[in-house]
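Sequence and computational prediction follow.
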Amino acid sequence: MRVIEGGVTAAQGFFAASTAAEIKYKDRKDMALIYSEVPCKAAGTFTTNVVKAAPVLYDKKIVTESPFVQAIVVNAGIANACTGTQGYEYCDRTAQKASEELAIPKDSVLVASTGVIGMQLPIEKLESGIEVLAKKLSDTKEAAHGAACAIMTTDTRSKEVAVCFEIGKKTVTLGGMCKGSGMIHPNMCTMLGFVTTDIKISKELLQEALREDVKDTYNMISVDGDTSTNDTVLLLANGKAGNPEITEKNEDYQKFCEALRYVNTEISKMMAGDGEGATALFEVRVTHAKSKEEARILSKSVICSNLTKAAIFGHDANWGRILCALGYSGVEFDPERVDLCFESAAGSLAIIRNGVALDYSEEKATKILSEPKVTAVVDMKQGEDSATAWGCDLTYDYVKINADYRS
């Protein structure tokens, strides 16, 4: 597998466009379109929140029932959540307009929205935006980047990644983009993720690969403990690579899963590191747990701890907060066997061994914790399983951003 430049247009046959439709923002692009020149197999995973936005309900139906998908229309600024039957009708109108402009079936169009909850979309602006987007479609890296920027809300930077690999002597490419900065919590988040690939694979295996992958990627990040109404990850495969179709879990399937894991992991980390007001990506790696599930629970408990996140912001090696977060996770373990160390570009430092503090240098600890990426490595010494979770520090700016987000 090789990492390459690009995003959702990296794979063969995919195009993107972006425009400023003034859905809510008046000074930036706020609509994006992803399009495949041929029909795609589609897979999706969605929020676990009982309150689901209209686009989530709409897309779940399309992914499940439609024979193929060919386009995704995305808007930023208004989430189209808690908008009743009118909000769902606007999803239908959005798909209808894209169908007309792109000359594709209405049930091959997916829609996604992100932004303020409870506001109705200005549907006429959305429809006008689609007219513009359809005329601007391009398969360039610049078009992909423009689309990645257009779907941002409180994000401070766009998030894209792409890779290529070989299957059956054919080059297969996979690229993705996402947005997400706040209302981010395990079990999907206020994030929209879009991954495109030219691999030829059955719909069933495409869905299974995505469903399994989110467990160790998107579901392992948290910014603020809030699970959104709009969480959506969509995966489109158009088969343009020409590889022998993957219909069973063979070596080719494993190669695809590895590439998917890389792309989803990287953009998940980008989201966690770009949490609202964040100054650092906080990674927690739990090793030697009794089971994979327990490792996931333990690592997520630490990244979700506000006290720990505040300590990371203060560059304070307050290891008691980490041990405390492990303790209330619900996992049974022996605290007198736990080891902890901090790592970053500034070095590595053992903090506790067998549950007891070592005679470490506070000065060195502060230096390590002052880097833009900080890792806490927790050795449970109970088994052979491990998991990694990603979050960010908790800063003054998080409160500022969310205090006046709606206005």
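Perfect, I can see it now.

Please count neighbours and contacts with C-alpha atoms only from this point.
Noted.

For S66, which non-adjacent residue is spatially closest?
D107 (6.1 Å; Cα to Cα, 6 or more residues apart in numbering).

From what I see, the one you found and I62 are in contact.
Yes: shown here, D107 and I62 form a contact pair, counting by Cα atoms under 8 Å, at 6.4 Å.

Next, V8: secondary structure please.
coil (DSSP: H, G, I helix; E, B strand; the rest coil).

residue contacts, V51?
C82, T229 (Cα atoms under 8 Å, 6 or more residues apart in numbering).

that's a helix at it, yeah?
No: applying three-state DSSP, one finds V51 to be coil, outside a helix.

For the stretch 151-300 of the chain, give me the ranges with low pLDDT.
181-190, 223-228 (pLDDT under 70).

right, and I201 touches E245 too?
Yes: counting by Cα under 8 Å, E245 is a contact partner of I201 at 5.0 Å.

So these two - more neighbours on which side?
I201 (21 against 16; other Cα atoms under 10 Å).

Tell me who's in contact with that one.
K41, A237, G239, E245, I246, T247.

Only whichever of those are buried, select them in ChimeraX.
Typed into ChimeraX, the line below selects the buried ones among those, using 16 or more other Cα atoms under 10 Å:
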select :41,237,239,245,246
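
what about the strands in the stretch 101-250 of the chain?
All strands of the stretch 101-250 of the chain, identified by DSSP state E, counting those that start in this stretch, fall at 109-116, 159-167, 170-179, 192-197, 232-237.

could those go into JSON lines alongside distance to V51?
Formatted as JSON lines, these follow (distance: least, Cα to Cα, whole Å):
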{"stretch": "strand 109-116", "distance to V51": "14"}
{"stretch": "strand 159-167", "distance to V51": "26"}
{"stretch": "strand 170-179", "distance to V51": "20"}
{"stretch": "strand 192-197", "distance to V51": "16"}
{"stretch": "strand 232-237", "distance to V51": "13"}
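
wait, which of those strands is closest to L260?
Among the strands of the stretch 101-250 of the chain, strand 170-179 comes nearest to L260, with 7.4 Å by Cα to Cα.

Give me the helices and strands touching the closest one, please.
Where contact means 3 or more Cα pairs under 8 Å, 6 or more residues apart in numbering; DSSP states H and E, strand 170-179 is packed against helix 141-150, strand 159-167, strand 192-197, helix 251-273.

centroid residue for this protein?
In the chain, the residue lying closest to the centroid (Cα atoms, centre = their mean) is S268, at 4.5 Å.

ok, now which ones touch it?
So S268 contacts T217, Y218, I221, W390 (Cα under 8 Å, 6+ apart).

Of the residues you listed, just say which sits nearest to L126.
Y218 (28.4 Å).

is it true that that closest one touches Y262?
No: the criterion here is Cα under 8 Å, and Y218 misses it with Y262 at 11.7 Å.

Which one's more surrounded, the two?
Neighbours per residue, other Cα under 10 Å: of Y218 and Y262, the larger number sits with Y218, 29 against 20.

Name the nearest residue to that one, ignoring sequence neighbours.
In this structure, Y218 finds its nearest non-sequential neighbour in S268, 5.5 Å apart by Cα to Cα, 6+ apart.

for F342, same thing?
With Cα to Cα, 6+ apart, the residue lying closest to F342 is A376, at 4.7 Å.

That neighbour belongs to a helix?
No: applying three-state DSSP, one finds A376 to be strand, outside a helix.

Does it have any beta-bridge partners, and if so which?
When assigned by DSSP bridges, A376 has beta-bridge partners V284, F342.

how about it, what does it touch?
Contacts for A376 were tallied using Cα under 8 Å, 6+ apart; they are F282, E283, V284, R285, L340, C341, F342, E343.

would you list those residues in CSV and tack on neighbour count and distance to L102?
Shown next, in CSV, are the contacts of A376 (neighbours: other Cα atoms under 10 Å; distance: Cα to Cα, whole Å):
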residue, neighbour count, distance to L102
F282, 30, 43
E283, 27, 42
V284, 25, 45
R285, 21, 46
L340, 24, 55
C341, 18, 54
F342, 22, 52
E343, 19, 50
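
Between which two of the residues you listed is the distance greatest?
F282 and L340 (14.5 Å).

so where's the longest strand in the protein?
Identified as the longest strand of the chain according to DSSP state E is strand 31-46.

Dump the C-alpha coordinates for that strand into CSV.
Output in CSV follows, covering the C-alpha atoms of strand 31-46 (Å, rounded to 0.1, in the frame of the first residue of the first chain):
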residue,chain,number,x,y,z
MET,A,31,-21.9,22.8,-0.5
ALA,A,32,-20.1,19.9,-2.1
LEU,A,33,-20.9,17.2,-4.6
ILE,A,34,-19.3,13.8,-5.1
TYR,A,35,-20.1,12.0,-8.3
SER,A,36,-19.1,8.8,-10.0
GLU,A,37,-19.3,8.5,-13.8
VAL,A,38,-20.6,4.9,-13.4
PRO,A,39,-22.9,3.3,-10.8
CYS,A,40,-21.4,2.4,-7.4
LYS,A,41,-22.0,-0.3,-4.8
ALA,A,42,-22.7,1.7,-1.6
ALA,A,43,-22.2,1.0,2.1
GLY,A,44,-23.0,3.2,5.1
THR,A,45,-22.9,3.5,8.9
PHE,A,46,-24.9,6.0,10.9
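
Quick check: next helix or strand after that strand?
Helices and strands here follow DSSP states H and E; after strand 31-46, the next one along the chain is helix 54-65.

Quick one: residues contacting the closest residue to N354 other than its chain neighbours.
Spatial nearest neighbour of N354, excluding adjacent residues (Cα to Cα, 6+ apart): R337 at 4.1 Å. Residues near R337 by Cα under 8 Å, 6+ apart: R353, N354, G355, M380, K381.

Let me see the contact set for the third one.
It refers to G355. Counting by Cα under 8 Å, 6+ apart, G355 has contacts P335, E336, R337, V338, D339.

Local confidence estimate at the spatially closest residue to it that is not a sequence neighbour?
Leaving aside its sequence neighbours, G355 sits nearest to E336 (Cα to Cα, 6+ apart; 4.4 Å). You'll see E336 listed with a pLDDT of 96.

Quick check: most distant residue from the centroid of the protein.
Computed with Cα atoms, centre = their mean, the residue of the chain farthest from its C-alpha average is D359, at 38.9 Å.
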